[in-house]
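Enquirer: Dropping a prediction and its sequence here:
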Amino acid sequence: MSLHLRYAAISDRGVVRQGNQDSVFAGSHFIAVADGMGGMAAGDLASAIVINTVARLDVPPPPDSVVDELADAVADANRAIRRCVADDPQKEGMGTTLTALWFDGEWFNLVHIGDSRAYRMREGGFEQVTVDDTYVQMLVDEGRITAEEAERHPQRSLLLRALGASEVEPAFQTIKGMPGDRLLLCSDGLSGPVSDADIARTLQSSATPQEAAQTLVQQALDAGAPDNVTVLVADVVEEDPGEQRQIIGGAAADQRLAESDTAVLRAVREDGEPADEATVDLRPSGGGEQAEDGKPAKRRGRVWRTVLSCLIVLVLAAGAGAYWARTQYFIGVSDAGNISVFRGLPFEVAGLRAAWLDTESDRPASEATDEVEADLADGIRVDGREGAEAELEELTDPASTNENLDPLCSASDTEAVPTAAKDCRED
């Protein structure tokens with residue numbers, strides 16, 4: 001029996017804060033809450049990057065490798081934050097929590113880091129599913145303070161783990177869903193000022209997820225809401241609720257609006273006026289430019305990337321781009337510098353990567369010819385997984401006759417020229 005989610009989500013900046021650093025996403029298969037941190041170091045950007053990156057998972061999970069794909073998405077999000085810091089060192093210190101559930105119709109695959117919480121109400125019983133990655137929780141676990149003392153501890157908001165660090169270790173677990181379950185994801189803007197007992201009563205008494213979310217946010221506001229408040233409530237139901245719109249809230253919604261307003265213009269302006277539609281070849285193979293030998297040139301130039309940049313921004317803004325992007329493949333260069341297969345699209349939109357690593361070879365891209373290496377930097381589009389595997393094999397074939405790679409070094413080359421300066425490769 002396949003179960004379904006009926007959900008609602010609200011993100012409010014609260015009474016004290018002037019901006020909202022929380023982000024939230026809710027879809028039929030994927031729900032997530034992130035609480036940014038860093039103040040002037042752009043905590044709102046960190047949470048927005050993470051939510052907009054992992055939102056691609058709002059599709060039915062694969063029958064296998066679910067945890068691997070979930071971990072890959074989180075790792076991609078963390079790398080995106082680190083790239084922002086590398087581009088702007090003043091953002092050093094930006095980070096975010098993440099609590100998310102990927103639902104396959106029976107099982108929830110949970111990823112958690114930080115102190116945003118997941119709760120479950122089942123048959124009148126109420127429990128916290130996640131464990132806070134905080135200093136006071138560590139003290140509780142060690143028996144040095146009680147849970148009641150932790151609620152009043154002056155360092156109760158001190159995180160031990162969060163996304164944005166150079167190395168992260170999220171917690172993963174699998175939870176079986178049952179009809180009638182009510183799930184709550186929230187930032188500490190709710191769990192701080194509102195007690196677990198009050199949260200449980202509200203979840204128990206509310207007729208719908210929307211009513212529960214609205215009541216919980218109002219309780220936090222009535223309690224002073226010193227922090228941003230984000231609440232996501234999802235019911236596990238047997239009956240298909242029909243089409244539900246994706247919910248993107250808080251800083252993530254602001255970031256997507258900014259992208260949809262500016263990214264298209266930025267992409268078009270990189271190449272000047274867009275080409276006439278009849279002259280642009282968007283097919284993965286065939287057509288397009290011709291090489292001198294009459295074969296289709298692998299490099300399509302920047303025009304197709306410009307047009308696709310425009311299209312993907314618009315599609316992402318409509319909430320449908322994640323599924324389509326997962327069906328696209330290209331050959332590019334991994335973070336380790338090797339020729340690799342990627343799923344997605346070979347460019348970034350407003351600093352957000354639209355691709356993730358699928359297969360990495362042992363062949364460094366630096367061993368390719370200058371022309372092929374330039375093509376790899378742009379991304380070589382291929383037709384599906386089989387096309388990607390065939391292209392990868394062709395590009396990385398160690399044979400001396402492989403025209404995609406620099407020639408093999410001879411003994412005289414190795415003796416006469418320093419390795420760093422050689423225009424050849426050793427196998």
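Expert: Looks like it arrived, so ask away. Just so we're clear, the structure is a prediction, and the values are computed from it rather than from any experiment.
Enquirer: just so I have it, where are all the helices in the stretch 1-150 of the chain?
Expert: Using DSSP state H, counting those that start in this stretch, the helices of the stretch 1-150 of the chain run over 43-54, 66-87, 135-141, 147-152.
Enquirer: a markdown table for those, including mean neighbour count and distance to Ala200?
Expert: The C-beta positions use only the backbone N, C-alpha and C, and glycine is treated the same way. Shown next, in a markdown table, are the helices of the stretch 1-150 of the chain (neighbours: other Cβ atoms under 10 Å; distance: least, Cβ to Cβ, whole Å):
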| stretch | mean neighbour count | distance to Ala200 |
| --- | --- | --- |
| helix 43-54 | 29 | 26 |
| helix 66-87 | 18 | 28 |
| helix 135-141 | 17 | 20 |
| helix 147-152 | 12 | 15 |
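Enquirer: Identify whichever of those lies nearest to Val168.
Expert: For Val168, the closest of the helices of the stretch 1-150 of the chain is helix 66-87, at 5.4 Å, according to Cβ to Cβ.
Enquirer: Domain map for the chain?
Expert: Domain ranges of the chain: 4-271, 303-426, per the TED database.
Enquirer: tell me the most buried of those?
Expert: domain 4-271 (a mean of 19; mean count of other Cβ atoms under 10 Å).
Enquirer: any idea of the mean pLDDT for it?
Expert: For domain 4-271, the mean per-residue pLDDT is 90.
Enquirer: Setting aside sequence neighbours, what's the nearest residue to the most centrally placed residue in the chain?
Expert: Central residue of the chain (Cα atoms, centre = their mean): Thr53, 2.3 Å from the mean position. Once flanking residues are discounted, Thr53 sits nearest to Ala77: 3.9 Å by Cβ to Cβ, 6 or more residues apart in numbering.
Enquirer: quick one: that neighbour and Ile31, what's the gap?
Expert: Per Cβ to Cβ, to the nearest Å, Ala77 is found 16 Å from Ile31.
Enquirer: now Ala118
Expert: Going from Ala118 to Ile31 by Cβ to Cβ gives 9 Å.
Enquirer: Give me the common contacts of those two.
Expert: 101, 183, 185 (Cβ atoms under 8 Å, 6 or more residues apart in numbering).
Enquirer: Now do whichever strand or helix holds the last one: which elements does it pack against?
Expert: When secondary structure is defined using DSSP states H and E, the element that contains Leu185 is strand 182-186. If you count contacts as 3 or more Cβ pairs under 8 Å, 6 or more residues apart in numbering; DSSP states H and E, strand 182-186 packs onto strand 30-37, strand 98-103, strand 117-122, helix 196-205, helix 209-222, strand 229-237.
Enquirer: Direction included, what does it pair up with?
Expert: Next to strand 182-186 in the sheet, as set by DSSP bridges, lie strand 117-122 (antiparallel), strand 229-237 (antiparallel).
Enquirer: Could you save those strands as JSON lines and add columns showing distance to Asn404?
Expert: Listed next are the strands paired with strand 182-186 as JSON lines, based on distance: least, Cβ to Cβ, whole Å:
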{"stretch": "strand 117-122", "distance to Asn404": "48"}
{"stretch": "strand 229-237", "distance to Asn404": "48"}
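Enquirer: partner residues bridging the nearest residue to Ala32 once chain neighbours are set aside?
Expert: Taking Cβ to Cβ, 6+ apart, and ignoring the residues beside it in sequence, Ala32 has Ala100 as its nearest neighbour in space, at 3.5 Å. Ala100 has these beta-bridge partners by DSSP bridges: Ala32, Val111.
Enquirer: Wait, Ala100 touches Leu110, no?
Expert: Yes: counting by Cβ atoms under 8 Å, Ala100 touches Leu110, with 7.1 Å between them.
Enquirer: if we can go back for a sec, make a markdown table from the helices and strands packed on strand 182-186 and add distance to Arg343 to it.
Expert: Below are these laid out as a markdown table (distance: least, Cβ to Cβ, whole Å):
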| stretch | distance to Arg343 |
| --- | --- |
| strand 30-37 | 17 |
| strand 98-103 | 17 |
| strand 117-122 | 28 |
| helix 196-205 | 38 |
| helix 209-222 | 32 |
| strand 229-237 | 27 |
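Enquirer: Which one of these lies nearest to Leu405?
Expert: Minimum separation from Leu405 across these (Cβ to Cβ) falls at strand 98-103, 39.6 Å.
Enquirer: circling back to that earlier point, go through the helices of the stretch 1-150 of the chain and name the closest to Ala365.
Expert: Minimum separation from Ala365 across the helices of the stretch 1-150 of the chain (Cβ to Cβ) falls at helix 66-87, 18.1 Å.
Enquirer: elements contacting that closest one?
Expert: helix 43-54, strand 98-103, strand 107-113, strand 171-176, strand 352-364.
Enquirer: Contacts for it next, please.
Expert: By Cβ under 8 Å, 6+ apart, helix 66-87 touches 42, 45-46, 49-50, 53-54, 56-57, 61-62, 91-92, 94-96, 98, 100, 102, 104, 109, 111, 113, 163-166, 168, 170, 172, 335, 351-353, 356-357.
Enquirer: what's the answer for stretch 358-369, then?
Expert: 329, 333-334, 336-343, 373, 376-377, 385, 388-389, 392, 395-396, 398, 403-406, 425.
Enquirer: Over to stretch 204-216?
Expert: Here stretch 204-216 has contacts from 6-10, 121, 124, 126, 182, 184, 186, 190, 194, 199, 202-203, 231-235, using Cβ under 8 Å, 6+ apart.
Enquirer: one more time with 10 Å, if that's ok
Expert: Stretch 204-216 is contacted from outside by 5-11, 26, 121, 124-126, 182-184, 186, 190-191, 194, 198-199, 201-203, 229-235, using Cβ atoms under 10 Å, 6 or more residues apart in numbering.
Enquirer: follow-up on the earlier one: thinking the residue nearest to Ala32 is in contact with Leu57, fair?
Expert: Yes: assessed by Cβ atoms under 10 Å, Ala100 is found in contact with Leu57 at 7.9 Å.
Enquirer: Spit out the residues that contact the two alike.
Expert: Contact criterion Cβ under 10 Å, 6+ apart; residues shared by Ala100 and Leu57: 25, 30, 32, 70, 73-74, 109, 111.
Enquirer: So for stretch 219-232, first residue to last residue, what's the gap.
Expert: Using Cα to Cα, to the nearest Å, the end-to-end distance of stretch 219-232 comes out at 14 Å.
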